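In: Here is my input, please return the structure:
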Amino acid sequence: MLIAQYFVEFIFYSFLGWVWESIYCSANEKKWADRGFLFGPICPIYGSCVVGVSILFSLIKPLSSPTFPIWGIFIICYIGSAIAEYGTSWVLEKRFHARWWDYSKLPLNINGRICVPVSIAFGLAGVAVVKFLIPAVEGVHAAVSPIIYEVLAIVIAMIFGADFALTEASLNALLKDVEKMHEEFNLKAQESYEKVASAPKVIEQKIKEEKEQIEARHDQLARAYAEKLSLNQKRILLGIQKFMPKAGEDENSIDHVPLIRATDKLRERVRDLRNKKA
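Out: Numbers count the residues shown, from 1 in each chain. Next comes the predicted model:
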């Protein structure tokens, strides 16, 4: 029963995290932004963190004492959120070679995965969660039958598992499409370069024309691939901050930089398609 209860709490807190992320990012971008990694409206990192804090404070009684200082709660949440963010970012990058958030432009960041300002914000939010949200949720437990939690956990677990499998399949297909588009563009660009380079006298205007033609073909290629993407793949692509190099590659290598440009083009075309439908 306790596991089922924690799982239902995990989904509930993940949903609240998705609501917060989507509202915050939509306000910043001035348009709707679905920040969920999965297809459903949940951000598992939030659910994991809140449930983890709830378990920690229930196991260590002094932490849940009214006399435990607020600054102590802040430090625990600050450190816990930093570990969770860094670990999640590392796992996602190693698995999918992509980042869903990047703090490289913010001060006091570590590898762009975490930064002090964001961790402070999560620490402050953690104080509010521990002091108000968790006690409110625990107050509901007394009014809910254990069998309800067990049924809910089974149903939600089935939906969550299907969602995860769908997202995994969509993301893998998206990554293959991105790689294929990148290779196709490189092949066409190489053919154009060789044609220009082989000419006895290449004037500057000719080179400029070839560059414009290559750029136009790049746009056409990105549009063609954007139209083939599924709704879920488009959502995932727009949620990714940037694609990362594979093992052994440098982020500024001649192989990876064109890939970044290709994915940026693809992302632009997906936004164009969405704006036209809107």
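In: low-confidence ranges in the stretch 101-250 of the chain?
Out: For the stretch 101-250 of the chain, the stretches flagged by pLDDT under 70 are 181-222, 245-250.
In: Now the most centrally placed residue in the chain: phi and psi?
Out: Closest residue to the average C-alpha location of the chain: Trp100 at 2.8 Å, with Cα atoms, centre = their mean. Dihedral pair for Trp100: phi -90, psi -10, per degrees, to the nearest 10.
In: Quick check: it vs Leu231, distance?
Out: Per Cβ to Cβ, to the nearest Å, Trp100 is found 18 Å from Leu231. C-beta: built from backbone N, CA, C; applies to glycine.
In: same thing with Ile156?
Out: Counting by Cβ to Cβ, the gap from Ile156 to Leu231 is 23 Å.
In: What is the burial count for Ser170?
Out: For Ser170, the count of nearby residues is 20 (other Cβ atoms under 10 Å).
In: same deal with Leu108?
Out: Residues within reach of Leu108, counting by other Cβ under 10 Å, total 12.
In: Tell me who's in contact with it.
Out: By Cβ atoms under 8 Å, 6 or more residues apart in numbering, Leu108 lies in contact with Cys115, Val116, Pro117.
In: Not counting sequence-adjacent ones, nearest residue to the second one?
Out: Right, the one you point to is Val116. Leu108 (3.8 Å; Cβ to Cβ, 6 or more residues apart in numbering).
In: quick one: that neighbour and Cys115, what's the gap?
Out: Distance of Leu108 to Cys115, computed by Cβ to Cβ: 6 Å.
In: how deep is Ala82 tucked in, by neighbour count?
Out: 20.
In: Just the element for it, please.
Out: Ala82 is part of helix 70-96 when elements are defined by DSSP states H and E.
In: How far off centre is that helix?
Out: Remark: helix 70-96 is offset 14 Å from the chain centroid, using Cα atoms, centre = their mean, to the nearest Å.
In: same question, stretch 99-109
Out: How far stretch 99-109 lies from its chain's middle: 13 Å, per Cα atoms, centre = their mean.
In: quick one: buried residues of that stretch?
Out: Residues of stretch 99-109 classed as buried: Arg99, Trp100, Trp101, Asp102, Tyr103, Asn109 (neighbour count, 16 or more other Cβ atoms under 10 Å).
In: check contacts around Val51.
Out: Val51 makes contacts with Tyr6, Glu9, Phe10, Tyr13, as judged by Cβ under 8 Å, 6+ apart.
In: Roughly how far does Val84 sit from Ala142?
Out: Just so we're on the same page, residue 84 is Ala rather than Val. 29 Å.
In: higher neighbour count, these two?
Out: Set side by side, Ala84 and Ala142 show more neighbours around Ala84, with 17 against 6, by other Cβ under 10 Å.
In: ok, the more buried one - contacts?
Out: Applying Cβ under 8 Å, 6+ apart, the residues contacting Ala84 are Ile45, Ser48, Cys49, Gly52.
In: Who wins on neighbours among those?
Out: Sorting those by how many neighbours each has (other Cβ under 10 Å) puts Cys49 first, at 26 neighbours.
In: Just give the closest residue to that residue, not the sequence neighbours.
Out: Spatial nearest neighbour of Cys49, excluding adjacent residues (Cβ to Cβ, 6+ apart): Ala84 at 5.1 Å.
In: Can you get me a residue count around Leu237?
Out: Leu237: 23 neighbours (other Cβ under 10 Å).
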